[in-house]
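Asks: Give me coordinates for this.
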Amino acid sequence: MGRICFKLVKQERIYRINKFDPKTLSIAHQDVVKSTRRWLDQMVVGLNLCPFASSVIARDQVYYAVCDTTTETHLKQFCVDELQRLLGANEIDISTSLLMFTHGLEDFGDYLDLLDWFQHLLENAELTEHVQLASFHPHYQFDGVAADDLSHFTNRSPYPTIHILRQDQMTKVLAHVSDPEKIYVDNIKTLNKLGRRQIEALCPWGIPRAVEQDLFEELQETARDS
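Replies: Here you go, the predicted structure:
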């Protein structure tokens, strides 16, 4: 594996220099961002799965970075570049960053390997006091939870995604939440109340492959009978 270039330079913050502009992306990348934004609007904000997400989205303070590469070295360098972008920008411009991977991380295990590497990078660089990572994947699976449990959909996104958050902002937000652990519990209640069919309609990419095949065969059978 090639050498990963990692250097954080202390620099004067320059307003608006790194603010996200979808017009700078290719059409394909714009489609990736649109799919992710739709998921955020319908699931994350729409169902209030993350009670402090709506404000940064409404203020256009989210940076959406799309990665097409598949090699380990380039995947890691992409993470480093986006970390540097976030830390080098004023939080008014970039409050948080979403890193979306279109190829190479379809397997959840491969995605977790990159996520673990990224977390170790933050620890080795002594950056965990400044940023933290959140994880999302089309086939997200909580360890020790039944495969068909709806709780997995809280973290099932259209594309493998790593969310980089500013630690100081999270600290400020959570200071106004009486019981942060209750957020996860409430999210599970919300999903169970909506039911499987509605959740899978909102997140079709998150349907387990075996279930997806069963639904496809059911539709084919219905079409033949009609």
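Asks: Could you measure from the residue positioned nearest the centre of the chain over to residue 208?
Replies: When Cα atoms, centre = their mean is applied to the chain, the residue found nearest the centroid is residue 161 (3.8 Å). Counting by Cβ to Cβ, to the nearest Å, the separation of residue 161 from residue 208 is 19 Å. All C-beta atoms are positioned from the backbone trio N, CA, C, and that covers glycine.
Asks: Ok, residue 45 next?
Replies: In terms of Cβ to Cβ, residue 45 sits 25 Å off from residue 208.
Asks: Which one of the two is surrounded by more residues?
Replies: The residue with more neighbours, out of residue 45 and residue 208, is residue 45; 18 against 14, by other Cβ atoms under 10 Å.
Asks: ok, that one - contacts?
Replies: Contacts for residue 45 (Cβ atoms under 8 Å, 6 or more residues apart in numbering) come out as 53, 54, 57.
Asks: From those residues, list the buried ones, please.
Replies: Buried subset of these (neighbour count, 16 or more other Cβ atoms under 10 Å): 53, 57.
Asks: need the contacts of residue 45 in JSON lines with distance to residue 110 and pLDDT, can you?
Replies: Listed next are the contacts of residue 45 as JSON lines, based on distance: Cβ to Cβ, whole Å; pLDDT from 0 to 100:
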{"residue": "53", "distance to residue 110": "26", "pLDDT": "86"}
{"residue": "54", "distance to residue 110": "31", "pLDDT": "85"}
{"residue": "57", "distance to residue 110": "28", "pLDDT": "91"}
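Asks: Narrow the contacts of residue 45 to those in helices?
Replies: Under the assignment DSSP state H, these contribute 53, 54, 57 to helices.
Asks: Tabulate those (CSV), appending distance to residue 136.
Replies: Shown next, in CSV, are these (distance: Cβ to Cβ, whole Å):
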residue, distance to residue 136
53, 12
54, 17
57, 15
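Asks: Residue 173: which of those is nearest?
Replies: residue 53 (9.9 Å; Cβ to Cβ).
Asks: so how far is residue 130 from that closest one?
Replies: Noted for residue 53: a distance of 20 Å to residue 130, by Cβ to Cβ.
Asks: and if you look at residue 115?
Replies: 18 Å.
Asks: Give me the more crowded residue out of these two.
Replies: The neighbour count for residue 115 versus residue 130, taken as other Cβ under 10 Å, is higher for residue 115 (18 against 15).
Asks: Report the rounded mean pLDDT for the helix or strand that that one is a member of.
Replies: Using DSSP states H and E, residue 115 sits in helix 108-124. Throughout helix 108-124, pLDDT has a mean value of 97.
Asks: what's the neighbour count on residue 36?
Replies: When neighbours are counted by other Cβ under 10 Å, residue 36 registers 21.
Asks: wouldn't it be in contact with residue 99 here?
Replies: No - counting by Cβ atoms under 8 Å, residue 36 sits too far from residue 99 to count as a contact (10.6 Å).
Asks: overlap in contacts of the two?
Replies: Common neighbours of residue 36 and residue 99 (Cβ under 8 Å, 6+ apart) are residue 161.
Asks: name the helices or strands packed onto the helix holding residue 115?
Replies: In terms of contacts (3 or more Cβ pairs under 8 Å, 6 or more residues apart in numbering; DSSP states H and E), helix 108-124 is packed against helix 72-88, strand 131-136, strand 161-166.
Asks: C-alpha coordinates for the longest one, PDB please?
Replies: The C-alpha atoms that make up helix 72-88 are tabulated as PDB, following Å, rounded to 0.1, in the frame of the first residue of the first chain:
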ATOM      1  CA  GLU A  72      -7.400   1.100  -0.600                       C
ATOM      2  CA  THR A  73      -4.800   3.800  -0.900                       C
ATOM      3  CA  HIS A  74      -7.100   6.200  -2.700                       C
ATOM      4  CA  LEU A  75     -10.000   5.500  -0.400                       C
ATOM      5  CA  LYS A  76      -7.800   6.400   2.600                       C
ATOM      6  CA  GLN A  77      -6.400   9.500   0.900                       C
ATOM      7  CA  PHE A  78     -10.000  10.600   0.100                       C
ATOM      8  CA  CYS A  79     -10.800  10.400   3.900                       C
ATOM      9  CA  VAL A  80      -7.700  12.400   4.800                       C
ATOM     10  CA  ASP A  81      -8.500  15.100   2.200                       C
ATOM     11  CA  GLU A  82     -12.000  15.500   3.500                       C
ATOM     12  CA  LEU A  83     -10.900  15.600   7.100                       C
ATOM     13  CA  GLN A  84      -8.400  18.300   6.200                       C
ATOM     14  CA  ARG A  85     -11.200  20.200   4.300                       C
ATOM     15  CA  LEU A  86     -13.500  20.100   7.400                       C
ATOM     16  CA  LEU A  87     -10.800  21.200   9.800                       C
ATOM     17  CA  GLY A  88      -9.500  23.900   7.500                       C
END
